[in-house]
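>>> this one's sequence-less:
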């Protein structure tokens, strides 16, 4: 059996190396390393894939979130609601812009931001909501957009983990995660579902005026060289990373299906086990693209299981072991432990297993057998 990787980028590359290498060679041949043809090609292709009017490439996913907020003219002290159970980048950019982060609990079923939590957190100072499509599962965007409309709030989607996932609405329509709010942001970090071979990110919007502003912000506030019309930053997707993404974007749906198939095999193996709560997988399964396959281990030694798997050469991880409200950088007297019962429970239960496009049945069986061996 091939060695199990948490994310097997090497095997993925072996299957696409010809197209990746040709795409990168085009950049080397033309010497257009910044804002070259490959970047423009990727922008247009991603706009078509997502069915969104504007994609603004940038240097990384954290920048994408920050620039999205800059484009909305949020002011210091404005309150921005987001989930307590996620990676720190989401709250980091709120703090960097001197906005006021308001952390709320998440939903136990999908681990995404709690709709009731959002409603309770709104004050006259609230200006925006940042839902995170955690682990690849789309948040309840229909409910979030209804709240935003009622209270005249912006919605900034953190789509770093769920590119390609669909959000289904009650009228039967579907839209891609990241394209529903006023603006969305994603990351192309190598381990993401659509990853480059370095850092990269992008911002999405259907708002023409906002898109124009964002294009200036990513390039030092310039629309014309040496004319700085807005306060900007230096955050551009370089052409080599765009070349890699051009080779991989046509395969994104195939990659999503491979992850969904692997997740289904995992969940079948764990079905009915008293100590395991596995992700729910519907027959269509297009609302979840499984950036991570994350179990909840209940009434059992989660940390012991983790060590058991590591001892058997099976990589696994805890995303995320410390909630944001408990992090030193974001601690605040406003936060009370009793306000985060679900997050506090999840951090003691979650365990993510290997998940990527190259998982083989033999590997999945070894992983699931090893989990069941420990839990009985």
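On my side now, so go ahead. None of these values were measured; they are calculated from a predicted model.
>>> Run a quick neighbour tally on residue 322.
11 (other CB atoms under 10 Å). C-beta here means a position set from N, CA and C on the backbone, and glycine is covered the same way.
>>> swap that for residue 132, sorry
Neighbour tally, residue 132, other CB under 10 Å: 24.
>>> which residues pair with it across the strands?
Beta-bridge partners of residue 132, counted by DSSP bridges, are residue 158.
>>> now do residue 57
Counting by DSSP bridges, residue 57 is bridged to residue 202.
>>> mind listing what it touches?
Contact analysis of residue 57 by CB atoms under 8 Å, 6 or more residues apart in numbering lists 39, 42-43, 200-202, 218, 236-237, 242.
>>> same thing but 7 Å
Taking CB atoms under 7 Å, 6 or more residues apart in numbering, we find residue 57 in contact with 39, 42-43, 202, 237, 242.
>>> Repeat that for residue 182.
By CB under 7 Å, 6+ apart, the contact list for residue 182 reads 154-156, 205, 207.
>>> Please apply the same query to residue 320.
Contacts of residue 320 (CB under 7 Å, 6+ apart): 85-87, 347.
>>> between these, which is nearest residue 373?
Residue 373 lies nearest to residue 347 out of those, by CB to CB, at 25.0 Å.
>>> what about that closest one, distance to residue 296?
To residue 296, residue 347 is 11 Å away according to CB to CB, to the nearest Å.
>>> cool, residue 357 as well?
Counting by CB to CB - residue 357 and residue 296 are separated by 24 Å.
>>> Going by residue numbers, what spans are strands in this protein?
54-58, 79-83, 100-104, 126-130, 154-158, 166-168, 174-176, 183-187, 201-205, 222-224, 227-228, 276-277, 293-297, 350-353 (DSSP state E).
>>> pLDDT weak spots in the stretch 151-300 of the chain?
Residue ranges of the stretch 151-300 of the chain with pLDDT under 70: 283-284.
>>> make it 80
Counting by pLDDT under 80, the ranges of the stretch 151-300 of the chain that qualify are 281-285.
>>> all helices in it, in order from the N-terminus.
In the stretch 151-300 of the chain, the helices defined using DSSP state H, counting those that start in this stretch lie at 208-217, 239-248, 252-270.
>>> quick revisit: among the contacts of residue 182, name the buried ones.
The neighbour count (16 or more other CB atoms under 10 Å) marks 154-156, 205 as buried among these.
>>> could I get those as a markdown table with distance to residue 127?
Shown next, in a markdown table, are the buried ones among the contacts of residue 182 (distance: CB to CB, whole Å):
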| residue | distance to residue 127 |
| --- | --- |
| 154 | 6 |
| 155 | 11 |
| 156 | 10 |
| 205 | 17 |
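>>> of all those residues, which comes closest to residue 101?
residue 156 (12.5 Å).
>>> Quick one: residues contacting the closest one.
By CB under 7 Å, 6+ apart, the contact set of residue 156 is 68-69, 128, 130, 181-183, 185.
>>> redo that, cut-off 10 Å
By CB atoms under 10 Å, 6 or more residues apart in numbering, residue 156 lies in contact with 64-65, 68-69, 71-72, 74, 80, 82, 90, 93-94, 128-131, 181-185, 203, 205.
>>> Distance of it relative to residue 372?
Distance, residue 156 to residue 372, by CB to CB: 41 Å.
>>> Which of the strands of the chain sits closest to residue 287?
Of the strands of the chain, nearest to residue 287 by CB to CB is strand 166-168, at 5.7 Å.
>>> counting contacts, what elements does the closest one pack onto?
Applying 3 or more CB pairs under 10 Å, 6 or more residues apart in numbering; DSSP states H and E, we find strand 166-168 packed against helix 141-151, strand 174-176.
>>> could you redo the last one with a cut-off of 7 Å?
Here strand 166-168 touches strand 174-176, going by 3 or more CB pairs under 7 Å, 6 or more residues apart in numbering; DSSP states H and E.
>>> which stretch among the helices of the stretch 151-300 of the chain comes nearest residue 176?
Of all the helices of the stretch 151-300 of the chain, helix 252-270 comes closest under CB to CB, at 10.7 Å.
>>> Touching that closest one from outside, list them.
Residues from elsewhere that reach helix 252-270, judged by CB under 7 Å, 6+ apart: 164, 193-194, 276, 278-279, 281, 285, 289-290, 293, 353, 355, 357, 359, 364, 368.
>>> same thing with stretch 101-112?
Against stretch 101-112 from outside (CB under 7 Å, 6+ apart): 79-85, 91, 94-95, 113-114, 117-118, 121, 131-135, 137, 139-140, 324-325, 330, 335, 339-343, 346.
>>> May I see the buried residues of that stretch?
So, applying 16+ other CB under 10 Å, buried residues of stretch 101-112: 101-107, 110-112.
>>> State the mean pLDDT of that stretch.
The average of the pLDDT scores along stretch 101-112 is 96.
>>> Just the terminal-to-terminal distance for it.
17 Å (CA to CA, to the nearest Å).
>>> Any idea how far that stretch is from the middle of the chain?
15 Å (CA atoms, centre = their mean, to the nearest Å).
>>> What of stretch 19-36?
Averaging C-alpha positions (CA atoms, centre = their mean) puts stretch 19-36 27 Å from its chain's average.
>>> One more: stretch 310-324?
Counting by CA atoms, centre = their mean, stretch 310-324 is centred 18 Å from the centre of its parent chain.
>>> distance of the nearest residue to residue 175 once chain neighbours are set aside from residue 133?
Excluding the flanking residues, the one nearest residue 175 by CB to CB, 6 or more residues apart in numbering is residue 167, at 5.4 Å. Look at residue 167 and residue 133: by CB to CB, they are 9 Å apart.
>>> Could you check which of those two has the larger neighbour count?
Just comparing residue 167 and residue 133: by other CB under 10 Å the higher neighbour count belongs to residue 133, 30 against 24.
>>> biggest helix in this protein, by residue count?
Using DSSP state H, we find that the single longest helix of the chain is helix 9-30.
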